Every structure is written in structure tokens, then in C-alpha cells.
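> could you look at this predicted model? Sequence included:
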Amino acid sequence: MTGFASLTHEDERATIGVTVRAVNHRFLDIQLRMPQSLGEAEPRVRALLQKRLARGRVELQIAVQLRTPAAPSVELNEEFVNALSAAIDRARERGLVAGSLTPGDLLRLPQAISVRDRAAEPNPQAEAQLSASVEAAVEQALADLDAMRVREGGHLRMDLDGRKEALTTFITRVAEAADEGRTQLEARLQERVSEISLDLPVDEAMIAQEIVRTVQRSDISEEVTRFRAHLAHWDALTEGPEPCGRKLDFLLQEMNREVNTIGSKADGLHVSELIINAKAELEKMREQVQNVE
């Protein structure tokens, strides 16, 4: 979900700069920074982001520089100038100053003259054209962002596919190890019962039933079936057209739950080692899936 794009769009009306950043987040969190003059376009810009993106914290910044600057407004503070002129006249009468008050004197006094940008007259047509240009620039920036995310997604897909194949191998190996362990457990119990029966009378039918129940407690066939179903569901999600990051995250939680159950039930050589390796792969996959939209 990470990505960055920046562009500058120019036309006869304005220069528009758009910068968009996207980082990992569980949900879609949009942060907009745009001029107040474009407030009317904000809902449409937000809709463009929601259409393109499903997850991530997205920061979009828009800067607009109009080509036609606002006309200046010059205001004279007559009360201040009259008071200043009267004071100069008194000073001249006393011989303290010579000459008259000049425009240059007024320009050096910020209290005398104020220069402000005059608010432009509302022009609905020009505002609509500017909004359209801004939306077009945002669309292009999002397209560039998508291109970057697609490139990153290709590398991410290769990594996750490799780890998923490792889990496919794991479930096959752990099923084989658990079957072998169950057979060995049954043999050990049978051997122990045979030793005991030499000294004590035993009900062989009842003992056989107890052995079967004990061995069945280590049967992981249901967990293996569910784990393989999760792997098949993973393929269906990653091949589908819809965003699947949150679903993959949930699926990995279910896989981890099955691995924990297998680890607590299965009995056999190398089972513990396989469980540890599988949990490590699942944790790495969960970290990577946070980057998937």
C-alpha cells in the first residue's frame, strides 16, 4: 500500500501541484491539504481517492498558483495623513523642518498607505474550469501512485507466493510425521500393555479401546484438511480482482490457529521443529500482508 507520486499541471489559468503519499494502515485514512478556494471540489477529490484506494493512510496535498494575480487595492489613511500634515506645518512654522510633505514620505510610513490584494469578482465558469483541472491533476497523480504500487506489489506477490508454497510443504510433512508418530505411539502402548499383562490380569478388549482413544487424540486430519482449505482460499483471494489484504490477514490468523492446534495434538519426530518453522513463516507473511491493499 505504500507509494508516492508528485506532478505539476499547467494550463492558461494556473499552475497546479499535486503530491500524494500512501503508507500502510488497516483502514482507509485520507488526509487532504488544499486551498480554501477549492473547498467546493473537496468532496469530489475525496471520492476520487476512495474510488482508487481501499486501504492505507493517504496524504494528498494540492497547491494552486493563479496566472492572473489579484488586482491591488491602495487605501489612504486620510485621518492619519491630515494629522501628519498639520504636525509638519507646525514644525515648519517653528523652523524645525523645511519643505513640504511628499508622496515618498507617505510611502515610507505604513500607517499612511496600505496596499492589499483586492478580492477577485466571483466567476463561476472560471472556478469550475479550475476545479476540473485540479481533479484531472489528482487523477494523474493517483495513476502514477498506482503504477508504483503495482511494481511494489509484484515483488510482494513473489515473496508471499514463495512462503505460501513453504506452508504447503509444511502441512504435507507434518501430516506424514504425525501419522508416523501416531503409529509409534500405538506400538509403544501395545508393548507396555503386553509387559503389564505378564504380571496382572487385564481386559484386553477394554485396553484395546483405551489405546484407540488415546491414539485418536493425536489425530490431526481435521486440522490438516482445514489448513489446506485455507491455502486454497488464499489462491482464490489473490487471483481475484477485489482488494484482499484484510481478508488475507484474517486467513493467516486462522492458519496460525490450526498450526497451534496441530502442535498441541500431534506426536512424532520433527513435529515440533516443523511447527516452529511454520509459525515463523506465518508471522513473516502477516507482516508482509500489511502492505497488501
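Yes, it's here.
> okay, strands next: where are they in this protein?
3-10, 14-23, 28-33, 56-66, 72-76, 113-117 (DSSP state E).
> buried sites along the fourth one?
In other words, strand 56-66. Using 16 or more other CB atoms under 10 Å as the test for burial, strand 56-66 gives 56, 57, 58, 59, 60, 62, 64. Yep, even glycine has a C-beta here, placed from its N, CA and C like the rest.
> need the worst-confidence member of those.
In this model, the minimum pLDDT among the buried residues of strand 56-66 belongs to residue 56 (85).
> give the contact list for that residue.
Taking CB atoms under 8 Å, 6 or more residues apart in numbering as the contact definition, residue 56 lies against 1, 2, 22, 23, 24, 25, 28, 29, 293.
> kindly report the same for residue 144.
By CB under 8 Å, 6+ apart, the neighbours of residue 144 are 5, 7.
> then the one 3 residues further on?
With contacts defined as CB under 8 Å, 6+ apart, residue 147 has no neighbours.
> any idea how far the residue found closest to residue 263 once you drop the neighbours it is linked to in the chain lies from residue 167?
Leaving out its chain neighbours, the residue that sits closest to residue 263 by CB to CB, 6 or more residues apart in numbering is residue 275, at 4.1 Å. Separation of residue 275 from residue 167 (CB to CB, to the nearest Å) stands at 12 Å.
> how about residue 244?
17 Å.
> which of those two has more neighbours?
residue 167 (22 against 19; other CB atoms under 10 Å).
> burial count for the residue nearest to residue 167 when sequence neighbours are not counted?
In this structure, residue 167 finds its nearest non-sequential neighbour in residue 281, 6.0 Å apart by CB to CB, 6+ apart. The burial count assigned to residue 281 is 19, neighbours taken as other CB under 10 Å.
> got it, and the one 5 residues further on?
For residue 286, the neighbour count with other CB under 10 Å is 15.
> wouldn't it be in contact with residue 251 here?
No: with contact defined as CB atoms under 8 Å, residue 286 does not reach residue 251; the gap is 10.1 Å.
> which of the buried residues of strand 56-66 sits closest to residue 270?
residue 56 (40.7 Å; CB to CB).
> quick one: residues contacting the residue lying closest to residue 261 once chain neighbours are set aside.
Among residues not flanking residue 261 along the chain, residue 223 sits closest, at 5.2 Å (CB to CB, 6+ apart). With contacts defined as CB under 8 Å, 6+ apart, the neighbours of residue 223 are 258, 261, 262, 265.
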